[in-house]
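Novice: Sequence and computational prediction follow.
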Amino acid sequence: MDHSSEQMLPLETLRAFQAAARSGSFSAAAEKLNMTHGAISRQVAKLEDWLGLRLFERGARGVTLTLEGQRLHLRASEAFSLISDTTDRWVEPRGTAVVRLTSIPSIASLWLMPRLSELEAGAPKLRVVLDIDIRQADLADEGIDLSIRCGRGKIPGRISTQLFEEHCFPIAAPDLAARIGKGNAERLLDFPLIHDSDASSWRAWFSTHGLDYRPRPQDRRFEDYNLVLSAASHGLGIALARPPLTENQLKAGHLVVVDEHRALNPVSYWLDRPQGRPRSAAAELARRIGHHAKLAPETVERFLSEDR
């Protein structure tokens, strides 16, 4: 079968196949790769469908390679050996205490990083492998345990719970804030406004003052909120503080409050996981994240026990 024009399979698919081939068990492969049994099964099925070949014979006591599976196992082993034959390679941590958590850059740097050592500490100790990704990928297929994202609601195929909402207010560099001064909301429109890919938070803030805001040529747009804050701290315009992502910048004095009035951001933060029973380490990390987000313990336990 010619796949030359088709998208290449992700490396995770071959890794799942290799682990199952070596152990003769999807369950053992799942434990080795910190994935669920279902995730290994889906990865193998994806590979079989892509190749148009049956790679395993399924039995009550495990799985055995077909002839085609044996051939692929030999070639894949050679390929992985070549890939790993370098002295400067990064080896991803493995083990039952490892949890794979995915999020976007702004949440990862502004909310997760200041809390990461506390999230990993305690009993049991955890190791968080952080995947930075702006896609809304299939968590189970990617072997992801948990996801923290911005959004307006639940995503089909995931178990979700709302972590926290944002009540936004305008901020700017100290020199620019002094020029803006005090007054009504309309005074802000005399200066460039900075927003990320979604200007709905500015629209929500101005709408509470009875004003209709639409992005203008003098305003600035950046895809990532890290860049929004950087631009604001360099005096390029007024941004909206999105608590708790802006706590450190305000404490450090790089940015100051321009207007005390707050408005609820239409976008909030969500903790997601794949369907099915979470691994114990993933469940423990979810509880710790919930604690830092000030979620009620019963809300977290409901999130962990929900099936779909």
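Specialist: Nice, I can see it.
Novice: All the helices of this structure, in order from the start?
Specialist: 11-23, 26-33, 37-51, 67-84, 105-107, 116-120, 139-142, 174-180, 200-207, 225-233, 247-252, 280-292, 297-305 (DSSP state H).
Novice: Reformat those helices as a markdown table; add distance to residue 274 and mean pLDDT.
Specialist: Where you see a C-beta, it was placed from the backbone N, CA and C, and this is true even at glycine. Below are those laid out as a markdown table (distance: least, Cβ to Cβ, whole Å; pLDDT from 0 to 100):
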| stretch | distance to residue 274 | mean pLDDT |
| --- | --- | --- |
| helix 11-23 | 14 | 86 |
| helix 26-33 | 12 | 85 |
| helix 37-51 | 7 | 88 |
| helix 67-84 | 25 | 80 |
| helix 105-107 | 19 | 91 |
| helix 116-120 | 19 | 95 |
| helix 139-142 | 4 | 80 |
| helix 174-180 | 44 | 97 |
| helix 200-207 | 28 | 95 |
| helix 225-233 | 26 | 95 |
| helix 247-252 | 30 | 91 |
| helix 280-292 | 9 | 96 |
| helix 297-305 | 12 | 96 |
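Novice: Nearest to residue 128 among the ones you listed would be which one?
Specialist: Relative to residue 128, the nearest member of these by Cβ to Cβ is helix 116-120, separated by 5.8 Å.
Novice: For that closest one, list every residue counted as buried.
Specialist: Buried residues in helix 116-120, counted by 16 or more other Cβ atoms under 10 Å: residue 119.
Novice: try stretch 294-302
Specialist: So for stretch 294-302, counting by 16+ other Cβ under 10 Å, buried means 295, 300.
Novice: what's in contact with that stretch?
Specialist: Stretch 294-302 has contacts (Cβ atoms under 8 Å, 6 or more residues apart in numbering) with 161, 163-164, 286-287, 290.
Novice: Considering these, which is situated nearest to residue 186?
Specialist: If you rank these by distance to residue 186 using Cβ to Cβ, residue 164 comes first, at 30.2 Å.
Novice: Would you mind measuring from the closest one to residue 143?
Specialist: Relative to residue 143, residue 164 is positioned 27 Å away (Cβ to Cβ, to the nearest Å).
Novice: These two: who's more crowded?
Specialist: residue 143 (22 against 15; other Cβ atoms under 10 Å).
Novice: Show the contacting residues for the residue nearest to that one when sequence neighbours are not counted.
Specialist: Closest residue to residue 143 apart from its sequence neighbours, by Cβ to Cβ, 6 or more residues apart in numbering: residue 35 at 4.4 Å. Contact partners of residue 35, counting by Cβ under 8 Å, 6+ apart, are 16, 29, 143.
Novice: Name the nearest residue to residue 263, ignoring sequence neighbours.
Specialist: residue 205 (4.2 Å).
Novice: check contacts around the one you found.
Specialist: 168-170, 185, 213, 240, 261, 263.
Novice: Next step: the residues you listed restricted to strands.
Specialist: 168-170, 240, 263 (DSSP state E).
Novice: Scan these and report the most crowded one.
Specialist: residue 240 (26 neighbours).
Novice: how about that one, what does it touch?
Specialist: Counted by Cβ under 8 Å, 6+ apart, residue 240 has contacts 168-171, 195, 201-202, 205, 265.
Novice: Just give me the residue right at the centre of this protein.
Specialist: Centroid-nearest residue in the chain, with Cα atoms, centre = their mean: residue 103, separated by 1.7 Å.
Novice: these two touch, right, that residue and residue 134?
Specialist: No: contact between residue 103 and residue 134 fails when scored by Cβ atoms under 8 Å: they sit 9.6 Å apart.
Novice: For the residue nearest to residue 147 when sequence neighbours are not counted, give its distance to residue 189.
Specialist: Counting by Cβ to Cβ, 6+ apart, residue 147 lies nearest to residue 272, which is 4.2 Å off, once chain neighbours are set aside. The gap separating residue 272 from residue 189 is 37 Å, by Cβ to Cβ.
Novice: In terms of neighbours, single out the busier of those two.
Specialist: residue 272 (22 against 15).
Novice: so how many other residues sit close to residue 283?
Specialist: For residue 283, using other Cβ under 10 Å, the count is 19.
Novice: Break the chain into its domains for me.
Specialist: 11-84, 98-157+271-305, 167-264 (automatic domain parsing).
Novice: gap between the first one and the chain center?
Specialist: Domain 11-84 has its C-alpha centroid displaced from the chain centroid by 26 Å (Cα atoms, centre = their mean, to the nearest Å).
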